[in-house]
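Student: Return atomic coordinates for the entry below.
(chains A and B)
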Number of protein chains: 2
Amino acid sequence: MATVERWRVRPGTTLDLSAIDTRDAAAAPGDKEATLEATALLTTRLGELQERLWAEGRRSVLVVLQAMDAGGKDGTVKHIFRAVNPAGARVTSFKAPSAEERAHDFLWRVHAAVPARGEIGIFNRSHYEDVVVVRVDELVPEPVWRARYDAIWAWEHHLAAEGTVIVKLFLHISPEEQAQRFRDRLDDPTKHWKFNRGDLAVRARWDDHQAAYAEAIERTTTDEAPWYVVPADRKWFRNWVVSSILVDTLEAMDPQFPEPADDLSGIEVV
Amino acid sequence: MATVERWRVRPGTTLDLSAIDTRDAAAAPGDKEATLEATALLTTRLGELQERLWAEGRRSVLVVLQAMDAGGKDGTVKHIFRAVNPAGARVTSFKAPSAEERAHDFLWRVHAAVPARGEIGIFNRSHYEDVVVVRVDELVPEPVWRARYDAIWAWEHHLAAEGTVIVKLFLHISPEEQAQRFRDRLDDPTKHWKFNRGDLAVRARWDDHQAAYAEAIERTTTDEAPWYVVPADRKWFRNWVVSSILVDTLEAMDPQFPEPADDLSGIEVV
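Tutor: You can find the predicted model right below:
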């Protein structure tokens, strides 16, 4: 397994996303085929660790996924679920907030969706939209979104203190890769529903979004809730990195099968 | 694909569960290996159909799983998730009700967990516990649980009218198979946490539970929310039957990719 430190953003870092190669696969354990094989082993290991986490029932893992459109969030969710038992994992996809959600503070809907003890929760988009999209689209005044960094920090700290290990993944793609994926959607009638013209307006403000992401990541990466920037142009490499990060995280937690609730000695099943 | 009618319980049927062979695999497309191959094809097909359901975004599917302990509910959930995109599927495992849940009517917690339009929802245990376990353990008086058949009927009818297709699966195992699976859990220290002495007390009242299931199934199987009794001693056969039923259900719904929200003609991604 790779040392996942390579992708982790340390507190105090000044982050220049444009300096990070989205096609970088230098750390891969071999060529594409060898990497797929290594990923399969990590997937199996992740499944074992998740079973222990679930059996132990004391702690949880929250995986936050953020990316530009077509950045691979759905594909990453699918990849993670290939490893884990869905009974102990839940994915929540956050869309534009509903009227009821807008009537609450920005952490209300995400708090309601955090994983229970024993579970792995995956956020497909998250409260980070409220310091990125909301900022770029000027949906609230700057003092409002700027104050959210501290609110996020305090909320994630609270979750960590209660036993939730938080892993935040920014799937980093290039504008060229996004263009290619958009064209694939336009070329395939069964993918048209994934596309709307609004995606191009967002794409046109690429640099603004990248700058907002960079600052949000800098301001909210902590030892207890670190951000990782994952080179994501190549899906096979992305999946290997994500698997490595999750296995590393779970191994550090080292969940244990609990003692049985009852003394099981001498039981005969008749 | 098999005709799934074979396992469907028609309205008006008198159900004798003990007359249904839990090891029956006569309908299988071949031996174990051939059946696994057939199941893999069904799994792929199910994934395609789910993508259409999700893209269409108008209807949903609710899969209700019930079984005796060690009957294979978790394994079935895992099998279904092998096929589908977890972003459009959600599993809810119902345990003994919490204080807050007990403070509400018995349909409150399940209603909160039904799938949204486009989703496949899976209930691992369900409101049927409230007419089976609750009955056998005499947790409420008979007139109370008996009135629940009508309440369930009306609630499921409402969901169906709103676009939720309901499929109810009783995974039918023999007491011998349950004993073997319990022994496996006792023999393996990494499975001890799945077992507690209370499971034996439930097992001791096997016939009461089977009778309660038979009546609940008879009273609540409808054309719009049918029950299927799935021979489940052999996991490979069970998975093939479940896949066949789900593919059959989704094919009858025939979900369609929607027209794109915008006119996509002439779009250039630059």
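
Student: ok, the closest residue to A:Lys78 other than its chain neighbours - how many residues close by?
Tutor: Closest residue in space to A:Lys78, ignoring its immediate chain neighbours: B:Asn85 at 5.6 Å, by CB to CB, 6 or more residues apart in numbering or on different chains. All C-beta spots, glycine's among them, are computed from the backbone N, C-alpha and C. Number of residues near B:Asn85 (other CB atoms under 10 Å in any protein chain shown) recorded here: 18.

Student: and B:Asn85, how far is that from B:Pro226?
Tutor: 25 Å (CB to CB, to the nearest Å).

Student: swap in A:Ile152?
Tutor: Taking CB to CB, one finds A:Ile152 at 47 Å from B:Pro226.

Student: spatially speaking, which residue is in the middle of chain A?
Tutor: Residue closest to the average C-alpha location in chain A (CA atoms, centre = their mean): A:Leu65, at 2.7 Å.

Student: thinking that residue is in contact with A:Leu171, fair?
Tutor: Yes - using CB atoms under 8 Å, A:Leu65 is in contact with A:Leu171, at 6.8 Å.

Student: Give me the common contacts of these two.
Tutor: Common contacts of A:Leu65 and A:Leu171 (CB atoms under 8 Å, 6 or more residues apart in numbering or on different chains): A:73, A:76.

Student: list the contacts for the nearest residue to A:Asp69 once chain neighbours are set aside?
Tutor: The shortest distance from A:Asp69 to any non-neighbouring residue, by CB to CB, 6+ apart, is to A:Asp199 (5.1 Å). For A:Asp199, the contacting residues are A:69-70, A:182, by CB under 8 Å, 6+ apart.

Student: Send me stretch A:133-140 as CSV with only the CA atoms.
Tutor: In CSV, the C-alpha atoms belonging to stretch A:133-140 read as follows (Å, rounded to 0.1, in the frame of the first residue of the first chain):
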residue,chain,number,x,y,z
VAL,A,133,-20.6,27.0,-4.9
VAL,A,134,-22.3,29.4,-2.5
ARG,A,135,-19.2,31.6,-2.6
VAL,A,136,-18.7,31.6,-6.4
ASP,A,137,-22.4,32.2,-7.1
GLU,A,138,-22.5,34.9,-4.4
LEU,A,139,-25.5,33.3,-2.8
VAL,A,140,-24.6,34.8,0.6
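
Student: buried sites along it?
Tutor: Across stretch A:133-140, burial judged by 16 or more other CB atoms under 10 Å in any protein chain shown covers A:134-136, A:140.

Student: Over to stretch A:102-110?
Tutor: A:106-107, A:109-110.

Student: three-state assignment of the residue nearest to the centre of chain A?
Tutor: Of the three states, A:Leu65 takes strand according to DSSP: H, G, I helix; E, B strand; the rest coil.

Student: check contacts around it.
Tutor: With contact set as CB under 8 Å, 6+ apart, A:Leu65 has these partners: A:73, A:76-77, A:122-126, A:169, A:171.

Student: Also within reach of chain B: list those from those residues.
Tutor: By CB under 8 Å from any CB of the partner chain, the members of these lying near chain B are A:77, A:124.

Student: circling back: can I get the buried residues of stretch A:102-110 in a markdown table with pLDDT?
Tutor: What follows is these, written out as a markdown table (pLDDT from 0 to 100):
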| residue | pLDDT |
| --- | --- |
| A:Phe106 | 96 |
| A:Leu107 | 96 |
| A:Arg109 | 96 |
| A:Val110 | 97 |
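
Student: ok, which of the buried residues of stretch A:133-140 also contact chain B?
Tutor: Within those, nothing lies near chain B by CB under 8 Å from any CB.

Student: Identify the farthest-apart pair in those.
Tutor: A:Val136 and A:Val140 (11.5 Å; CB to CB).

Student: can you pull out the strands in the stretch 1-150 of chain A?
Tutor: A:8-9, A:60-67, A:89-93, A:120-124 (DSSP state E, counting those that start in this stretch).

Student: so which of those strands gets nearest B:Thr44?
Tutor: The nearest among these, by CB to CB, is strand A:89-93 at 21.2 Å.

Student: who touches the closest one?
Tutor: Under CB under 8 Å, 6+ apart, the answer for strand A:89-93 is A:50, A:77, A:80-81, A:110, A:113, A:115, A:119-125, B:86-87, B:90-91.

Student: what's the neighbour count on A:Leu62?
Tutor: Neighbours around A:Leu62, by other CB under 10 Å: 23.

Student: Tell me what it is bridged to.
Tutor: With DSSP bridges as the criterion, A:Leu62 is bridged to A:Gly121, A:Ile166.

Student: do the same with the one 5 residues further on
Tutor: According to DSSP bridges, the partner residues bridging A:Ala67 are A:Leu171.

Student: That one: what's it in contact with?
Tutor: A:Ala67 makes contact with A:73, A:170-173, A:232, according to CB under 8 Å, 6+ apart.

Student: Need these in CSV (columns: pLDDT and neighbour count).
Tutor: What follows is the contacts of A:Ala67, written out as CSV (pLDDT from 0 to 100; neighbours: other CB atoms under 10 Å in any protein chain shown):
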residue, pLDDT, neighbour count
A:Lys73, 97, 23
A:Phe170, 98, 26
A:Leu171, 98, 25
A:His172, 98, 26
A:Ile173, 98, 23
A:Ala232, 98, 28
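
Student: For those residues, which two are the farthest from each other?
Tutor: A:Lys73 and A:His172 (12.1 Å).

Student: State which helix of chain A is the longest.
Tutor: helix A:32-56 (DSSP state H).

Student: how big is the angle separating that helix from strand A:120-124?
Tutor: Going by axes from the mean of the first three to the mean of the last three CA atoms, to 10 degrees, helix A:32-56 is angled at 120 degrees with respect to strand A:120-124.

Student: Which residues of the stretch 1-150 of chain A lie near chain B?
Tutor: A:51, A:55, A:74, A:77-78, A:81-82, A:85-87, A:89-91, A:93, A:124.

Student: Give me the neighbour count for A:Arg8.
Tutor: A:Arg8 has 17 neighbouring residues, counting by other CB under 10 Å.

Student: Who are the contact partners of it?
Tutor: Taking CB under 8 Å, 6+ apart, one finds A:221, A:226-228 in contact with A:Arg8.

Student: ok, and of those residues, which contact chain B?
Tutor: Okay, of the contacts of A:Arg8, nothing touches chain B (CB under 8 Å from any CB).

Student: How about the contacts made by the nearest residue to A:Pro258 once chain neighbours are set aside?
Tutor: Closest residue to A:Pro258 apart from its sequence neighbours, by CB to CB, 6+ apart: B:Trp193 at 5.2 Å. B:Trp193 sits next to A:55, A:257-258, A:260-261 when contact means CB under 8 Å, 6+ apart.
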